[in-house]
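no sequence for this one, just the structure:
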């Protein structure tokens, strides 16, 4: 197929290209070069990642693909397990395309099935599952000539959370910060830098594995809420406001150890792309 449909959306300014592909026939195994081109902010459409929409029973990536499967790719073309902002945008697309009713939708991901609910105020809430703790001990991250101890929280993808005095300290997060021991994250890691603003109120910046610094990271906000609640020895359930450069979300760590992520999701563009426009 020489042409294909696309949409764009964002969750707290973490933005994505959406590729409707119900039976998986439009994009095959989704070429990494196509993903990189679509995400290029100068030559392509511009995005932090690509969300391909496939019927859960017609994908071959995981055992349980849910009602609809979110085939998520980072802007560098690499595969990612999960995206908390992306899954809200994905669910918004499904609803506006008339592919779901008012009931919760089961979205399949490489980190398991996530249930998404649409709220009366227009936000969406995702059951993000349980955090995996504890991770490797003694992790230190370094950026802009500074070092901080970091806490590992796995949300289906790996995170290292460091508390800082000022969010300007890590400097330019388009560059990959380093961590030690290197073997703690052989497949890379998402790195969050966090300041406390008040009781159950934090702000963060993030370098996402495979994307660089982004305006928000949904799984990262969950990892940050877990790290902050553990440091404060909070009892469950507990809810944190997490501010990101692109807005804010709330994360509730429930008594059953599941995390709920609530935030906005917006669709803002659509069009048709011709493969003939791809560079040779």
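In hand now; what should we look at? Values in this document were obtained by computation on a predicted structure and should not be read as measured data. Numbers count the residues shown, from 1 in each chain.

Looking at residue 107 now. What's its pLDDT?
For residue 107, the pLDDT comes out at 98.

how many neighbours does it have?
Per other C-beta atoms under 10 Å, the neighbour tally for residue 107 reads 27. Just so you know, the C-beta spots here come from the backbone N, C-alpha and C atoms, and that holds for glycine as well.

does it count as helix, strand or coil?
Secondary structure, DSSP: H, G, I helix; E, B strand; the rest coil: residue 107 is strand.

residues contacting it?
Contact analysis of residue 107 by C-beta atoms under 8 Å, 6 or more residues apart in numbering lists 66-70, 87, 90-91, 113-116.

Tell me the one of the residues you listed nearest residue 272?
Checking the contacts of residue 107 against residue 272 with C-beta to C-beta, the nearest one is residue 90 at 20.1 Å.

Surely residue 196 and residue 163 touch.
Yes - counting by C-beta atoms under 8 Å, residue 196 does reach residue 163; the two are 7.2 Å apart.

need the strands for the stretch 1-150 of the chain, in chain order.
Assigned by DSSP state E, counting those that start in this stretch, the stretch 1-150 of the chain shows strands spanning 3-11, 14-20, 49-55, 68-74, 105-109, 112-118, 124-129, 139-143, 146-154.

quick one: the helices in the protein?
For the chain, helices defined by DSSP state H occupy the ranges 32-39, 84-96, 218-231.

and the direction of the second one versus that of strand 124-129, what angle?
Translated: helix 84-96. 130 degrees (axes from the mean of the first three to the mean of the last three C-alpha atoms, to 10 degrees).

which residues are contacting helix 84-96?
7, 9-12, 14, 16, 18, 20, 49, 51, 53, 68, 70, 72, 100, 105, 107, 109, 114, 116, 118, 124, 126, 128, 155, 216-222, 261, 263-267.

Please apply the same query to stretch 177-188.
For stretch 177-188, the external contacting residues (C-beta under 8 Å, 6+ apart) are 135-136, 138-143, 150, 152, 158, 160, 170, 189, 191, 207, 209-210.

Tell me how far that stretch lies from the chain's centre.
Offset of stretch 177-188 from its chain centre (C-alpha atoms, centre = their mean, to the nearest Å): 20 Å.

ends of that stretch, how far apart?
End-to-end span of stretch 177-188 (C-alpha to C-alpha, to the nearest Å): 11 Å.
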